[in-house]
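Participant: One predicted model, sequence on top.
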Amino acid sequence: MIYREDERILFIRMDDGENFVENLEKVLREAGVTSGVIISGVGMLRDLEIGWFNVEKMVYEKEQISVPHELVSISGNISLLEGNPFPHMHVSHAGPSRALSGGHLFSGIVCNTVELFILKAPLLELKRVASKGFKALE
Amino acid sequence: MIYREDERILFIRMDDGENFVENLEKVLREAGVTSGVIISGVGMLRDLEIGWFNVEKMVYEKEQISVPHELVSISGNISLLEGNPFPHMHVSHAGPSRALSGGHLFSGIVCNTVELFILKAPLLELKRVASKGFKALE
Amino acid sequence: MIYREDERILFIRMDDGENFVENLEKVLREAGVTSGVIISGVGMLRDLEIGWFNVEKMVYEKEQISVPHELVSISGNISLLEGNPFPHMHVSHAGPSRALSGGHLFSGIVCNTVELFILKAPLLELKRVASKGFKALE
């Protein structure tokens, strides 16, 4: 894994076999990025855990996907949760059939490479409060 | 709904039951954002109206989706149309099967939350002319 | 095709019948953009060539799609490869069934319009080395 920054953008390249979410959280802590927007990510992931929120039961229904998938899109944001940067991410991914599936990303292992870009937004001071979702500070 | 801005980014959080497109247009008018790029959106939507343009008949074929779906991606832009900010948006969304569907977003109701980020681009002065699509001013 | 820039964003509008990848590479060369992030793209494409990387055989399995599809998302980046700007792009697209397919974009023809936005990142000096994927310069 490598990462580079300019004044506004954090770029992270992860390599084959790396844990995507754990490495992302590690970089965010190291770079001190606690408020930002995920603007682009391409590459491949395998051993994905994806969730779809069941609003009647108020729980995530989860699915494990072991086969490598093209990471077609990643959307979301970085906020401060209990003192640490927290990534909230939704992904779409295409497997051998080229049909897309997707949802809330819980975890995944990098296959070949993932190229991720985050737009830093320190002045927005994004912060996540309790389990009630998203809240921006004054 | 709340929204916050820094010099470059407009962040909007919408809450359960809110009309997504109407609220977005309201914020854009209030904040005076008539030229921008939708860079990220996650959350959930229900009661979606999605369209796929039939190029032979030159009409949108529309579909209604009532069940809550994870909002997996939202792409598009904000331009000035007949004096008002106009959002042009394409979405992908995952329902209980985790399969993705998507297309042109006409309307939707927020389920739980939607977290949306727009990169303001006032100097591009994006403007939409008649029905001929997209045109940037000099 | 038209394109406009502000200090940070490159906007490209392509028109019906234009070759998407060739035109994009032409604009990037003309505008001197060799390092950037694709932050949004909507419109329609036809005659797509999409790939899914088979990690066991280390080759792209490709698929041709002639029917017009809504371009629902486009993610990726611009880097310098052998002296020229190189776009690496993953797309999702919805056809008449509204189901999404997608993967690595090799080529496509614009249908009606495509509205594309790139965030320039000259200070990141993104550079692609050999066939080993992505590398950012010091």
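Facilitator: Arrived safely, thanks for sending. Worth saying up front: this structure is predicted, and the values here are computed from it rather than measured.
Participant: where exactly do the helices run in chain A?
Facilitator: A:20-31 (DSSP state H).
Participant: Near chain C, which residues of it? Just list them.
Facilitator: Contact residues, chain A versus chain C (Cβ under 8 Å from any Cβ of the partner chain): A:2, A:4, A:6-9, A:11, A:13, A:39-42, A:44, A:68, A:70-74, A:92, A:94-96, A:98-100, A:111-113, A:115, A:117, A:119. In this view, the C-beta of every residue, glycine as well, is placed from N, C-alpha and C.
Participant: And these, which of them are buried?
Facilitator: A:4, A:8-9, A:11, A:13, A:39-42, A:44, A:68, A:70-74, A:92, A:94-95, A:98, A:100, A:111-113, A:115, A:117, A:119 (16 or more other Cβ atoms under 10 Å in any protein chain shown).
Participant: Also near chain B: which of these, exactly?
Facilitator: A:8, A:39, A:73, A:92, A:100, A:119.
Participant: Make sure the fifth one is actually in contact with C:Gly102.
Facilitator: Spelled out, it's A:Leu100. Yes - A:Leu100 lies in contact with C:Gly102 (Cβ atoms under 8 Å); the separation is 5.2 Å.
Participant: how far away is the residue nearest the centre of chain A from chain B?
Facilitator: Relative to the mean C-alpha position of chain A, the nearest C-alpha, by Cα atoms, centre = their mean, is the one of A:Met89, at 4.1 Å. A:Met89 sits 7 Å away from chain B, going by Cβ to the nearest Cβ, to the nearest Å.
Participant: Which residue or residues pair with that residue through a beta bridge?
Facilitator: Per DSSP bridges, the residues bridged to A:Met89 are A:Gly76.
Participant: ditto for A:Pro85
Facilitator: A:Leu80.
Participant: For it, report the pLDDT, please.
Facilitator: Note on A:Pro85: pLDDT of 96.
Participant: ok, it - how many residues close by?
Facilitator: Using other Cβ atoms under 10 Å in any protein chain shown, A:Pro85 has 22 other residues around it.
Participant: right, and it touches A:Asn77 too?
Facilitator: No - using Cβ under 8 Å, A:Pro85 makes no contact with A:Asn77, being 10.4 Å away.
Participant: Can you pull out the low-pLDDT segments for chain A?
Facilitator: For chain A, the stretches with pLDDT under 70 are A:130-138.
Participant: Do a quick rundown of the strands in it.
Facilitator: Assigned by DSSP state E, chain A shows strands spanning A:2-5, A:9-15, A:36-54, A:59-65, A:69-81, A:84-94, A:100-120, A:126-128, A:134-136.
Participant: Out of these, which one sits most buried?
Facilitator: Stretch with highest mean neighbour count among those: strand A:69-81 (a mean of 26; mean count of other Cβ atoms under 10 Å in any protein chain shown).
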